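**Student:** Curious how this folds, go ahead:
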Amino acid sequence: MGEVLALVEARLRTALGEPDARAAVTFLGTDRIEVLRFIDGDLVRYATLGMSAQPMADPTAALADPVKGPRAELVLTVRAGLADTDKVLRPLAVLAATPQVEGVIVAPGASLDVGDPLWPGASFSSVLVAESGGLVEDLELDEPMDPVRFLPLLPMTPNEAAWKRVHGAQALEERWLAKGTDLRDPLRGSVNLD
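**Tutor:** Predicted structure coming up:
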């Protein structure tokens with residue numbers, strides 16, 4: 001577990017630089033989850049560290065495999081200085097603990113909801129999990145372990161989350177792209193869904 005997390009942190013530092021802050025959250029019955037903050041010009045990036053310590057288990061499996069199975073960490077990018085986004089640390093840790101707590105596999109196209117605004121005044125309580133491989137490259141681990149994927153999170157308004165449930169993740173992403181939506185704006189409203 002410790003070796004995997006050391007490799008994950010090294011990959012994050014290579015891709016994003018040195019973190020300027022970190023916080024740790026522990027939930028009853030789960031491993032510790034850290035959230036690292038990276039400043040990149042006018043952007044703030046938050047990355048979880050700890051979700052990939054154990055592989056995510058298929059909730060229908062009788063026994064969880066301690067070695068094989070998908071592994072991931074979450075990455076959220078927002079514009080700096082527009083909102084008190086540092087309050088997202090606990091919600092991000094909650095999302096990263098979801099596989100351990102709820103026995104789900106977090107994968108691209110999934111919606112994750114914390115039930116409360118991601119930060120004070122945010123119009124988002126949920127996120128869309130995007131495809132890995134962009135900002136932080138996947139981290140290959142020794143066989144038979146699966147690679148660690150660094151999954152970007154795209155904040156969704158309640159209307160967008162409801163629309164996504166009906167039309168799917170790809171349709172929502174296409175709508176955001178067609179409307180030129182700035183997904184890094186922590187103060188943005190819902191995209192026009194008509």
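
**Student:** pLDDT at residue 1, what is it?
**Tutor:** We have a pLDDT of 59 for residue 1.

**Student:** which residues in the chain form strands?
**Tutor:** Remark: strands assigned in the chain by DSSP state E are 21-25, 33-40, 43-49, 71-79, 111-113, 126-129, 148-156.

**Student:** Make TSV from those strands and add distance to residue 3 to it.
**Tutor:** (Each C-beta comes from the backbone N, C-alpha and C, glycine too.) TSV is the format used below for the strands of the chain (distance: least, CB to CB, whole Å):
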stretch	distance to residue 3
strand 21-25	19
strand 33-40	16
strand 43-49	13
strand 71-79	13
strand 111-113	27
strand 126-129	26
strand 148-156	12
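
**Student:** Tabulate those in JSON lines, adding columns for mean pLDDT.
**Tutor:** Below are the strands of the chain laid out as JSON lines (pLDDT from 0 to 100):
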{"stretch": "strand 21-25", "mean pLDDT": "90"}
{"stretch": "strand 33-40", "mean pLDDT": "95"}
{"stretch": "strand 43-49", "mean pLDDT": "97"}
{"stretch": "strand 71-79", "mean pLDDT": "97"}
{"stretch": "strand 111-113", "mean pLDDT": "95"}
{"stretch": "strand 126-129", "mean pLDDT": "97"}
{"stretch": "strand 148-156", "mean pLDDT": "97"}
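
**Student:** Buried residues, stretch 174-189. List them.
**Tutor:** For stretch 174-189, a neighbour-count test (16 or more other CB atoms under 10 Å) marks 175-176, 181, 183-184, 186, 188 as buried.

**Student:** ok, now stretch 83-102?
**Tutor:** Under the neighbour-count criterion of 16+ other CB under 10 Å, stretch 83-102 has 83, 85, 88-100 buried.

**Student:** looking at the strands of the chain, which is closest to residue 136?
**Tutor:** Among the strands of the chain, the nearest to residue 136 by CB to CB is strand 148-156 (3.7 Å).

**Student:** between that closest one and strand 71-79, how big is the angle?
**Tutor:** Calculated by axes from the mean of the first three to the mean of the last three CA atoms, to 10 degrees, strand 148-156 forms an angle of 40 degrees with strand 71-79.

**Student:** which other helices and strands contact strand 148-156?
**Tutor:** Applying 3 or more CB pairs under 8 Å, 6 or more residues apart in numbering; DSSP states H and E, one finds that strand 148-156 contacts helix 2-16, strand 71-79, strand 126-129, helix 169-178.
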